[in-house]
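Colleague: Below is the structure, and that's it, no one-letter string:
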């Protein structure tokens, strides 16, 4: 693509060349979303019918809980209110701090590490973080005893949780709920075009179908995905790399393997969507300035037909009664191009007890309450097909079995034990988690979109990650 055409592409998207890297522009469609009061606390968030067992534990000072907000204010409000109600029942002072939805895992790790070193550790933190990296820094408590207790009561936990949180013969987080991550399609947009979204298993098929259903007169853009500098942007880059067979490391975990033809082709394929005039019509206005919630907002505003996202988006549509909520179809992630292997292994949110807590017994009892059946059921209801069980027994609950999108996600939760995400085909390591917690992947695709050769970019990031490996005492390269 020529420089002039590339600049025209950015101009059409309403962005500067810099904004795709930093993701600082406001979302173009945010004002179209009738969510009024996004991220505000929901009213009556604490149901009176949830039993709250009495704890014998005491609290030294305040119980400090750190909450990472999801794109679902009702979910966030219920969780916070239920924590506060349980603590009030015990006569404990509690402080629930909302960390917001945009902090990187590195920023959170710095905060937790500082608290531990200062002797002022928080008690509980929940999110889907790169667990090994946090454990390496000494901020997570070994919670094997509590996980064993919960597994005995609720059935086995999932391969995804085990992959993420069990290593060094210990659990470093308590599985709380599985996050349904995947792709979401408007059946009422695709089916009139003769397309069954569930048959679209490859990247090429989904890209081409998105182009086919695009209709600017409605307006309806097919491809509601931006490689912005955020969690969802990182996910589309990783998905593309996985589909092309790119790997970060070898089977031993000693060597970085990113510099490969597969990585180069993956970046070229993804950049082509955002620079090739063939696909310009299917990209929403302002896609280059999107932030993490923007694809949720565009989809729920009814202006995009396909996106890749956590199930918070669907849950919000379902709870708010969005007109087309029943037409939203969950789709698992795409298969690998070379062998059609499944590339899903859904994990989710851990409850992490922080090393140095002065309130271990109270924190354990709070965790037991958050995993009690009434609390779990309320989370599954509020967060329909986003929060699903972390333990086997929960999958027979009518709240789950009665929701088609939850059932559609079940194979991705239980069946795939081979593909393990960014670490595949090697072992878990703090080096891998250091990469997964960064925005390197969105930064690299931004550079290719802006005109650098994919070969140069792949080589640069390969060399950068070799240094990460070496910083952690691994060879990195031969």
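Modeller: Received the coordinates, thanks. Note that the structure is predicted; figures quoted are calculated from it, not measured. Residues are numbered from 1 along each chain as shown.

Colleague: Report the separation between residue 362 and residue 438.
Modeller: Distance, residue 362 to residue 438, using CB to CB, to the nearest Å: 34 Å. For the C-beta atoms, the positions are set from N, CA and C on the backbone; glycine is no exception.

Colleague: Counting neighbours, go ahead and name the busier of these two.
Modeller: Between residue 362 and residue 438, residue 362 has the larger neighbour count (other CB atoms under 10 Å), namely 23 against 18.

Colleague: Which pLDDT value belongs to that one?
Modeller: On pLDDT, residue 362 comes in at 98.

Colleague: ditto for the one 5 residues further on
Modeller: According to the model's per-residue confidence, residue 367 sits at a pLDDT of 98.

Colleague: now swap in residue 111 and tell me
Modeller: pLDDT for residue 111: 87.

Colleague: Let's verify it: helix, strand, or coil?
Modeller: At residue 111 the chain is in helix, as set by DSSP: H, G, I helix; E, B strand; the rest coil.

Colleague: Could you pull out the helices in the stretch 201-350 of the chain for me?
Modeller: Applying DSSP state H, counting those that start in this stretch to the stretch 201-350 of the chain gives helices spanning 203-213, 231-243, 261-275, 294-300, 312-320.

Colleague: Disregarding residues adjacent in the polypeptide, which is nearest to residue 75?
Modeller: residue 383 (4.8 Å; CB to CB, 6 or more residues apart in numbering).

Colleague: Next, count neighbours for the one you found.
Modeller: 27.

Colleague: I'd like the distance between it and residue 376.
Modeller: From residue 383 to residue 376 the distance is 11 Å (CB to CB).

Colleague: okay, and the common contacts of those two?
Modeller: residue 177 (CB atoms under 8 Å, 6 or more residues apart in numbering).

Colleague: All the strands of the stretch 251-400 of the chain, residue numbers only.
Modeller: 304-310, 328-331, 348-353, 387-389 (DSSP state E, counting those that start in this stretch).

Colleague: So which of those strands is nearest residue 172?
Modeller: strand 348-353 (7.4 Å; CB to CB).

Colleague: mean confidence score for that closest one?
Modeller: Average pLDDT, strand 348-353: 96.

Colleague: Any buried residues in that strand, and which?
Modeller: Residues of strand 348-353 classed as buried by neighbour count (16 or more other CB atoms under 10 Å): 348, 349, 350, 351, 352, 353.

Colleague: the inter-axis angle of it versus strand 304-310?
Modeller: Strand 348-353 and strand 304-310 are oriented at 30 degrees to each other (axes from the mean of the first three to the mean of the last three CA atoms, to 10 degrees).

Colleague: what packs against strand 348-353?
Modeller: In terms of contacts (3 or more CB pairs under 8 Å, 6 or more residues apart in numbering; DSSP states H and E), strand 348-353 is packed against strand 124-127, helix 131-136, helix 159-165, strand 174-179, helix 360-370.

Colleague: how about 7 Å then?
Modeller: Using 3 or more CB pairs under 7 Å, 6 or more residues apart in numbering; DSSP states H and E, the elements in contact with strand 348-353 are strand 124-127, strand 174-179, helix 360-370.

Colleague: Residue 189 is nearest to which of these?
Modeller: strand 174-179 (25.1 Å).

Colleague: Could you spell out the sheet neighbours of that closest one, each with its direction?
Modeller: Using DSSP bridges, the strands paired with strand 174-179 are strand 348-353 (antiparallel), strand 387-389 (antiparallel).

Colleague: between these, which gets nearest to residue 123?
Modeller: strand 348-353 (7.1 Å).

Colleague: which other residues reach the closest one?
Modeller: Strand 348-353 is contacted by residues 124-128, 131, 140-141, 143, 161, 165, 173-179, 360, 363, 367, 370, 390 when judged by CB atoms under 7 Å, 6 or more residues apart in numbering.

Colleague: on that earlier part again, from the helices of the stretch 201-350 of the chain, which stretch is densest packed?
Modeller: helix 294-300 (a mean of 28; mean count of other CB atoms under 10 Å).

Colleague: Averaged pLDDT, it. What do you get?
Modeller: 94.

Colleague: on contacts alone, who are the packing partners of that helix?
Modeller: Counting by 3+ CB pairs under 7 Å, 6+ apart, helix 294-300 packs on strand 304-310, helix 312-320.

Colleague: Least confident of those, on average?
Modeller: helix 312-320 (a mean of 90).

Colleague: what's that helix packed up against?
Modeller: Against helix 312-320 (3+ CB pairs under 7 Å, 6+ apart) you get helix 294-300.

Colleague: Figure out how far the helix it packs on is from the centre of its chain.
Modeller: Centre-to-centre, helix 294-300 and its host chain are 15 Å apart (CA atoms, centre = their mean, to the nearest Å).

Colleague: same thing with stretch 135-154?
Modeller: On CA atoms, centre = their mean, the centre of stretch 135-154 falls 22 Å from the chain's centre.

Colleague: which outside residues touch it?
Modeller: 109, 112-113, 116, 134, 157, 170-174, 352-355, 357, 364, 367, 371, 391, 393-394, 430.

Colleague: Quick check on those residues: which are buried?
Modeller: 109, 112-113, 116, 134, 157, 171-174, 352-355, 357, 364, 367, 371, 391, 394, 430.

Colleague: contact partners of stretch 312-323?
Modeller: In contact with stretch 312-323 (CB under 7 Å, 6+ apart) are residues 70-72, 74-75, 184, 296, 299-300, 325, 328, 382-386, 405.

Colleague: mind redoing it with 6 Å?
Modeller: 70-72, 74, 296, 299-300, 325, 328, 383-386 (CB atoms under 6 Å, 6 or more residues apart in numbering).

Colleague: Residue 58: which of those residues is nearest?
Modeller: Distance ranking of the contacts of stretch 312-323 against residue 58, using CB to CB, places residue 70 first at 31.2 Å.
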